[in-house]
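Student: Model the following, please.
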Amino acid sequence: MIDLSSVLWIVARKGAKSMPRISCRLAEDDAGRWQMVFDPHELQLYIEFIHWDPSSKPGEWISVEDFLAWAPRNPLHRKALDCFVAFLAKAMLTQMLIS
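Tutor: The predicted structure follows:
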């Protein structure tokens, strides 16, 4: 049986030039949005914070490892962290159930 990560890798490698970045909202408020981003061309997954006010800082991104290691800065960061951990748990449970 082929696992989901193998399928994603094959799709990403064969169609990377035509596949756009895929993002998933983790949490947002009036200040901005935390999102998870997968770049199929680079085979990279990272977490990004987008500020709503364009005159403030541009979008900031951090590695998944750093996002998981840092203590949450505020309630929005905590909500994004909880959502990301729930996403990982669901993905792993789903993989276990279909394997």
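Student: If the closest residue to R21 other than its chain neighbours is in a bridge, with which residues?
Tutor: Spatial nearest neighbour of R21, chain neighbours left out: D39 (5.1 Å); criterion: C-beta to C-beta, 6 or more residues apart in numbering. All C-beta spots, glycine's among them, are computed from the backbone N, C-alpha and C. On the basis of DSSP bridges, D39 takes part in beta bridges with Q44.
Student: how near is D39 to W61?
Tutor: Distance of D39 to W61, computed by C-beta to C-beta, to the nearest Å: 10 Å.
Student: Need the residues touching each of these two.
Tutor: Here D39 and W61 share the contacting residues Y46, scored by C-beta atoms under 8 Å, 6 or more residues apart in numbering.
Student: The closest residue to H77 other than its chain neighbours: helix or strand, and which one exactly?
Tutor: Counting by C-beta to C-beta, 6+ apart, the nearest residue to H77 once its immediate chain neighbours are dropped is W34, at 7.1 Å. If you go by DSSP states H and E, W34 is part of strand 32-39.
Student: Only the buried residues of that strand, if you could.
Tutor: For strand 32-39, the neighbour count (16 or more other C-beta atoms under 10 Å) marks G32, R33, W34, Q35, M36, F38, D39 as buried.
Student: Against which helices or strands is it packed?
Tutor: Strand 32-39 sits against strand 22-28, strand 44-51, helix 75-98, with contacts defined as 3 or more C-beta pairs under 8 Å, 6 or more residues apart in numbering; DSSP states H and E.
Student: among the ones you listed, which is nearest F67?
Tutor: Closest to F67 of those is strand 44-51 (C-beta to C-beta; 4.3 Å).
Student: How far off centre is that closest one?
Tutor: Centroid displacement of strand 44-51 relative to its chain, using C-alpha atoms, centre = their mean, to the nearest Å, is 7 Å.
Student: Could you quantify the relative orientation of it and strand 22-28 as an angle?
Tutor: Per axes from the mean of the first three to the mean of the last three C-alpha atoms, to 10 degrees, the angle that strand 44-51 makes with strand 22-28 is 40 degrees.
Student: which ones are touching the residue nearest the centre of the chain?
Tutor: Residue closest to the average C-alpha location in the chain (C-alpha atoms, centre = their mean): M36, at 2.0 Å. Neighbouring residues of M36 by C-beta under 8 Å, 6+ apart: S23, C24, L26, L45, Y46, I47, E48, F84, F87.
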